[in-house]
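Enquirer: Based on what follows, work out the 3D shape:
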Amino acid sequence: MSDVHQPAEAIGTVIHWFGHLSVAGLRLTAPLAVGDRIHIRGHSTDLVETVTSMEIEHRKVDHAGPGDDVALAVAGHVHEHDLIFREQVPVAPPTEAAMSQEHGESYPKLREMLGEEAFAELAQLIRKTYEANEERRRRTEGEAPPGRAKPSR
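Expert: Numbers count the residues shown, from 1 in each chain. A predicted model of the protein is given here:
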């Protein structure tokens, strides 16, 4: 988790707190989706949560964009004017070794069923898919690829 966020990095602001529902009303300045990890910071607020439920006009949505007012279920108490920040969650792509070690018996059984060559191809495909998704995410969020400067606008 980031210890310090700059206000300019905020992706939204709490505009209302529905305490009886544990729901925060937010006004977004950047895209947000269910599954995103957010950090809510304010004078007496410091929460990091994963977005599990989001609504616009009482309809469940999977994502929302800049200018949208959304309702988010939150586990803690938040206050009007608290800022919302996106938390970067580094996720390492699975490696063949990790597939064998981290998941108990499931991957060794898969390796046995597929055979060594097919299992190695599967691990490579998963890694390529992860890398392609990361590249797409970086382009969408305007980030520079690792080792390159962010383009100026």
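
Enquirer: Low-confidence regions, this protein specifically.
Expert: Residue ranges of the chain with pLDDT under 70: 1-3, 89-107, 143-153.

Enquirer: from the middle of its chain, how far away would the helix ranked longest in it be?
Expert: Longest helix in the chain by number of residues (criterion: DSSP state H): helix 116-141. Put simply, helix 116-141 sits 18 Å off its chain's centre (C-alpha atoms, centre = their mean, to the nearest Å).

Enquirer: same thing with stretch 47-63?
Expert: Counting by C-alpha atoms, centre = their mean, stretch 47-63 comes out at 12 Å from the chain centroid.

Enquirer: Which residues does that stretch contact?
Expert: Residues outside stretch 47-63 that contact it (C-beta atoms under 8 Å, 6 or more residues apart in numbering) are 1, 31-40, 64, 68-76, 78, 87. For every residue, glycine as well, the C-beta is placed using N, CA and C.

Enquirer: Pull the contacting residues for the residue nearest in space to the middle of the chain.
Expert: Nearest residue to the geometric centre of the chain (C-alpha atoms, centre = their mean): D36, 2.8 Å. With contacts defined as C-beta under 8 Å, 6+ apart, D36 is in contact with T50, V51, R86.

Enquirer: who does the first one bridge with?
Expert: Partner residues in beta bridges with T50: R37, with DSSP bridges as the criterion.
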